[in-house]
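Colleague: fold the following and give me the result.
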Amino acid sequence: MNAHQWLELAIYIAALVLVTKPLGLYLNCVLDPNRRTWIDPVIRPLEKLTYRLLRTDPSREHTWKQYTFALLIFSVVSCLFTYVILRTQEFLPLNPQKFGALAPHLAFNTAISFLTNTNWQSYGGESTMSYFSQMVALVIHNFASAAAGIAVAAALVRGLARHTSETIGNFWVDIIRITYYLLLPFCIVFAVFLISQGMIQNFRPYTTATLIEPQTVSVQQTDANGKPVVDAKGNPVMVNQTLTTQTIVQGPMASQVAIKMLGTNGGGYTNANAAYPFENPTPLSNFFQMLGLLCIGSALTYHLGRETRNQKHGWAVWSAMFAMFLAGVMVCWWAEARGNPIHQHLGVAVADGNMEGKEVRFGIFDSALFATVTTDASCGAVNSMHDSFTPLGGLVPMFNIQTGEVIFGGVGAGLYGMLIFVIIAVFIAGLMVGRTPEYLGKKIESYDVKMALLAFVILAFIILGFTAWACVSPWGLAGLNNNGPHGFSEILYAYTSGAGNNGSAFAGLNANSPWYDTTLGFDMVLGRFGMIIPLMALAGSLARKKVIPASAGTFPVSGFTFVMLLVGTVILVGALTFLPALALGPIVEHFLMLEGHLF
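Modeller: So this is what the prediction gives:
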């Protein structure tokens, strides 16, 4: 923990603060079809043409039920589109490596994963996906899922800002404008920047290079059909293999990485994700990828304040997110810099920290910061392997997801997730002062609290339910490469990541099996739409309410007291729900590590 690392953290925070207001103001223009942006002369004709092709009337707004129905129809159709491409990949163009079609369970899991903005990957991108699949099936879904998340957040904010209204916007207008005015232009600029840093963008076949020194590696044996071979106990059969050549991946990488980060998707072009040199070439690309992860989520808090005409409230929500972000960075950084005492007994210097699973070019701090940012942002991109973190270092990204991905969160998802806790916090404050809770001039009634709690309860139920099922099932235990509390953490992290639509993993778990792919698929669907549907009902309820004047008993939703109440609500609800499971996993593993035990 040296001065250079503290300086980098300060620069990152300053950059995040600096982009929040201007990007928030731009979002106000994008999310209001009656306002103009600086790229209107170029985009407006395309926008109007799209409305005509879709036969959409941009002036006709939706009720919350119509908005939700449009979102679900859009999601089902786009999911089927991706599934068909993945199942027919071998017959489609731009496949120089001649990759075959994905298995049904893997195609299902992948289509659901990219639909829900999770981008969980039970496959290695460079050894599974053709260029066509990467560009059409996956990148298009990266744009669509990110736009859908922002659209839902915009609809909820309209519900807060409007009164005595039955409508909350037009889904088709929102998703078109978000894609055309925000995601596409920003991603084009970002992709060009990444190419300037050395990221590849081409359609060449993979390059084969001859190794100067042959290497012997242990790999899992496969049968004549290419399927992995296991012994009678279900353990993989390993064989030694001598390598004399290396295959170097090529392809349209920069275009996917740009939306991967700005859309908080996280699906890596390669299996190593942002730890791969082509996918994250320089310290500067690493910094701007981390900044890209949080910038839209941060700006949406400014949009909230602007739309509700209460900018102090927007900054209060931002401050609550920032406080939890900073705490997570400090704990993860401290845990990884402190290192593993077992390694130190074997001669590893204390000053080196825990470098297992980390890129030397990024080191302890950039790995810990990236891990915190990516799990704050509902993004599965990683530049180090979370499975190799110390128990407490690995607990931070897991707990970040278990909060509901509300610490800035995914694009749109972070804001609407945090607004759940705002409703709960205001309800608690109302109970404390003995009066009906109020939020931005509207009474929070039983229906509103029920919808907010339902969204969170669904998340907790599916995480803990699927984890418990996998832990007592042969198919669940068969995917483990570690036993004890670390093996439990791998399963818990997988279903936490799926339900939280994050996509990162404790990679010691082999989840590419029919049972894991299927259960994780349902885990991701319920985690996404099980939260969105109650929130849309909440948006409709809030939009219909009348505004009442503030009184002496109105709890202010800005200032230090509100920020502390909101942070406490997030942590206490998360802790009370997931603390028993965390105690069985990373917490007990930490104490066992101090006693000299590894798993």
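
Colleague: use CA for all of it now, contacts and neighbours both
Modeller: Fine.

Colleague: which element is V239 on?
Modeller: Using DSSP states H and E, V239 sits in strand 238-248.

Colleague: show the average pLDDT along that strand.
Modeller: What strand 238-248 shows for mean pLDDT is 88.

Colleague: neighbours around G503, how many?
Modeller: 31 (other Cα atoms under 10 Å).

Colleague: I should have written W6 there, sorry.
Modeller: With other Cα under 10 Å as criterion, W6 counts 12.

Colleague: who are the contact partners of M321?
Modeller: By Cα atoms under 8 Å, 6 or more residues apart in numbering, the residues touching M321 are 406-408, 567.

Colleague: in a helix, it, correct?
Modeller: Yes - per DSSP: H, G, I helix; E, B strand; the rest coil, M321 lies within a helix segment.

Colleague: from V411, how far out is it?
Modeller: Distance, M321 to V411, by Cα to Cα, to the nearest Å: 14 Å.

Colleague: ok, I428 next?
Modeller: For I428, the distance to V411 - Cα to Cα - is 27 Å.

Colleague: before we move on, back to that, give me the buried positions along the helix or strand just after the strand holding V239.
Modeller: Using DSSP H and E, the next helix or strand after strand 238-248 towards the C-terminus is helix 254-262. By 16 or more other Cα atoms under 10 Å, the buried positions in helix 254-262 come out as 254-262.

Colleague: over to stretch 100-108?
Modeller: 100-102, 105-108.

Colleague: distance between it and the chain's centre?
Modeller: 23 Å (Cα atoms, centre = their mean, to the nearest Å).

Colleague: ends of that stretch, how far apart?
Modeller: Stretch 100-108: ends 16 Å apart by Cα to Cα.

Colleague: likewise for stretch 423-441?
Modeller: 13 Å.

Colleague: what lies in contact with it?
Modeller: 160, 308, 443-445, 448-449, 452-453, 547-550, 553-555, 557, 565-566, 569.

Colleague: buried among those? Need that as a selection in ChimeraX.
Modeller: The buried subset of the contacts of stretch 423-441, as determined by 16+ other Cα under 10 Å, is captured in ChimeraX by this line:
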select :160,308,443,444,448,449,452,453,547,554,555,557,565,566,569
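
Colleague: which members of the contacts of stretch 423-441 occur in strands, if any?
Modeller: In strands, defined here by DSSP state E, the members of these are K443.

Colleague: quick one: low-confidence parts of the stretch 351-500 of the chain?
Modeller: The stretch 351-500 of the chain contains no residues with pLDDT under 70.

Colleague: show me what contacts L182?
Modeller: 27, 30.

Colleague: show the pLDDT at it.
Modeller: For L182, pLDDT reads 96.

Colleague: three-state assignment of it?
Modeller: helix.

Colleague: from V173, how far out is it?
Modeller: Distance from L182 to V173, by Cα to Cα: 13 Å.

Colleague: give me the buried subset of the contacts of M321.
Modeller: Of the contacts of M321, these count as buried by 16+ other Cα under 10 Å: 406-408, 567.

Colleague: looking at this, V422 is in a helix?
Modeller: Yes - checked against three-state DSSP, V422 lies within a helix.

Colleague: could you find the closest non-adjacent residue to it?
Modeller: L566 (6.4 Å; Cα to Cα, 6 or more residues apart in numbering).

Colleague: looking at it, that neighbour is touching I407, isn't it?
Modeller: No - L566 is beyond contact range of I407, at 11.6 Å (criterion: Cα atoms under 8 Å).

Colleague: chain center to the helix or strand bottoming out on mean pLDDT in the chain: distance?
Modeller: Across the helices and strands of the chain, mean pLDDT, DSSP states H and E gives its lowest value to helix 341-345, namely a mean of 85. In terms of Cα atoms, centre = their mean, the centre of helix 341-345 is set 33 Å apart from its chain centre.

Colleague: between the next helix or strand after it and helix 254-262, how many degrees?
Modeller: Per DSSP H and E, helix 341-345 leads on to helix 363-376 as the next helix or strand towards the C-terminus. Note on geometry: by axes from the mean of the first three to the mean of the last three Cα atoms, to 10 degrees, helix 363-376 and helix 254-262 are set 70 degrees apart in direction.

Colleague: tell me the helices and strands packed up against helix 363-376.
Modeller: helix 283-307, helix 311-338, helix 391-402 (3 or more Cα pairs under 8 Å, 6 or more residues apart in numbering; DSSP states H and E).
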